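Engineer: Sequence plus predicted model, see below.
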Amino acid sequence: EAVLEDIVQEDNLNSKIVELKELENNTTEAHSLKHISDTLSFLSMLGLQPLDNQTLQRAAIQGMLSSIDQELGLGESLVLSKAENHDYISDLLGIRQGYGMSIRILEGKGLFVESVFPGGEAFRAGIQPDDIVIAINNHSFTRLSSQDMLHILNEPITNDVRFDIERKGEHKHVRVKKGKFRVDNVSVANQSIRIHYFGQGAAQELEEALNSNNDSIILDLRDNSGGLLTEVSAALGLFLGEQKIAGYRKLPNGTVYPFFTTEEKSPSIFLPNLPQQVNSVSQMESKLSTPLTMQSDANAMLPKDPMNQKEILDEEIFVIATPSQNIQKNVICLINKGTSGVGELFVSTLRNHGGVVVIGETSAGFAADEHIHPISEELYLKMAYIELLDSNQKSWNAMGIKPDVMVHSTKSLSNSFGHSIDIQLSTAIQIQNSE
């Protein structure tokens, strides 16, 4: 009887503990709800309009995501509406809103038009490559800083604007408006293959460009903002072969999952199906391809300007790392601070295999593998909690990728004919020709 009584008392005690825990939880929840109620009352006293439930829910979720972003330091996670999610996916697939042209800033002079995207508003207005936009809506770019020039270019507009352009010594003006256009993934010009973006079909377009160019290769990834990871994996496969490690995904708990070069080119925008267990990294590393190798003299990597050696020195070009001595084919990658995301992954993994010399400026340092997670028919989460690593498990997050040959293009140069010189591309061509 004594033992039975002890058991009953113990059961009662456990029951009381459960009740107390439930009361504590309910009290904490009620206390939290009271904070929200008191805040709403205070805002109402200030004469502010009360917020609807959906707005409050969205703000609360965004607060949670922002707290996670601050801890991880990878990127910006966002709560998106249905329309915003549509716009995000369109942007990811290479559909943009703007004038539809690729430019290079000539500080204090104008905007040099490098290319015009077919179907865009600039194309319809008759703007051509090599045009220089010297004023927008009578705001002259003369003696303005790069930041001020970009501010004028990106001013919100509702109607068309006036572009004053300089074309082969003549001055013209055209009316242009902003609209939707599709970014070219790949184009070939000026002795280089320009990879504008890794959108749908980028790997196939790159393969076609490579097949038409059997000589040394200059891959221009300046201002490449990233794109689809599957397209980058397929593009890397063109150089490294299939089923080689293209990089890794790193979760917040520190586990890493490799992904491989592949022929698959479908979009990957929703949360990935990661394996339950992480395979041995050493086993995965054994699948790495044999490095591309080529004879190279480090001294030959120093740039020589075909126009004027002093102009090169004024641009503060210097070697910060010795390129691989095991390169067999001259592959050069151009990058700048606009090279971001999976574009950085492409360059870093290629360089790990000893097949490229990287020229330009330090890249953006964005390494988040962003994905969409729907939480309702009206709200979506754009998550940035997975970190991308290159094939050597190295991160470039916040630091960016440092080039082998640093070329600062902070001011415009002109040759004796008055034409603008792309100092970074000129350096790449000179290094290529020196091999």
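Structural biologist: Cool, the structure landed.

Engineer: residues making contact with stretch 121-128?
Structural biologist: Residues from elsewhere that reach stretch 121-128, judged by Cβ atoms under 8 Å, 6 or more residues apart in numbering: 99-101, 113, 116-117, 163, 165, 167, 174-179, 181. Using the backbone N, CA and C atoms, a C-beta is placed for each residue, glycine as well.

Engineer: Give me the buried stretch members for that stretch, please.
Structural biologist: 121, 122, 123, 124, 125, 127 (16 or more other Cβ atoms under 10 Å).

Engineer: For that stretch, what is the distance to the chain centroid?
Structural biologist: Here stretch 121-128 is found 27 Å from its chain centre; the criterion is Cα atoms, centre = their mean, to the nearest Å.

Engineer: Put the alpha carbons of that stretch into PDB.
Structural biologist: Taking Å, rounded to 0.1, in the frame of the first residue of the first chain, the C-alpha atoms of stretch 121-128 are listed here in PDB:
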ATOM      1  CA  GLU A 121      13.600  49.700 -76.000                       C
ATOM      2  CA  ALA A 122      17.100  50.900 -76.700                       C
ATOM      3  CA  PHE A 123      17.100  48.600 -79.800                       C
ATOM      4  CA  ARG A 124      13.800  50.000 -80.900                       C
ATOM      5  CA  ALA A 125      15.000  53.500 -80.400                       C
ATOM      6  CA  GLY A 126      18.000  52.900 -82.800                       C
ATOM      7  CA  ILE A 127      20.800  53.000 -80.200                       C
ATOM      8  CA  GLN A 128      23.800  51.100 -81.400                       C
END
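
Engineer: returning to that earlier point: ok, and the most crowded of the contacts of stretch 121-128?
Structural biologist: Highest neighbour count within the contacts of stretch 121-128: residue 99, with 27 neighbours (other Cβ atoms under 10 Å).

Engineer: quick one: contacts for that residue?
Structural biologist: 120, 121, 122, 176, 178.

Engineer: Now the second one. Nearest residue, chain neighbours left out?
Structural biologist: Across the structure, with Cβ to Cβ, 6 or more residues apart in numbering as the measure, the residue nearest residue 121 apart from its sequence neighbours is residue 179 (4.6 Å).

Engineer: where do the helices sit along the stretch 151-300 of the chain?
Structural biologist: 202-211, 229-240, 281-285 (DSSP state H, counting those that start in this stretch).

Engineer: what about the second one, average pLDDT?
Structural biologist: Pointing back at helix 229-240 there. The pLDDT scores in helix 229-240 average 93.

Engineer: Packing partners of that helix?
Structural biologist: Here helix 229-240 touches helix 202-211, strand 245-250, strand 256-260, helix 342-352, going by 3 or more Cβ pairs under 8 Å, 6 or more residues apart in numbering; DSSP states H and E.

Engineer: Kindly present the ones you listed as a markdown table, with separate columns for mean neighbour count and distance to residue 217.
Structural biologist: A markdown table is the format used below for the helices and strands packed on helix 229-240 (neighbours: other Cβ atoms under 10 Å; distance: least, Cβ to Cβ, whole Å):
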| stretch | mean neighbour count | distance to residue 217 |
| --- | --- | --- |
| helix 202-211 | 18 | 7 |
| strand 245-250 | 24 | 19 |
| strand 256-260 | 18 | 23 |
| helix 342-352 | 25 | 11 |
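
Engineer: What residues are recorded as beta-bridge partners of residue 387?
Structural biologist: Beta bridges link residue 387 to residue 250, residue 368, judged by DSSP bridges.

Engineer: Just to check, it is in contact with residue 369?
Structural biologist: Yes. With contacts counted by Cβ atoms under 8 Å, residue 387 reaches residue 369, the gap being 7.1 Å.

Engineer: Name the residues contacting each of the two.
Structural biologist: Taking Cβ under 8 Å, 6+ apart as the contact criterion, the common neighbours of residue 387 and residue 369 are residue 249.

Engineer: where does the stretch 301-435 of the chain have low pLDDT?
Structural biologist: 301-330, 355, 410-420, 435 (pLDDT under 70).
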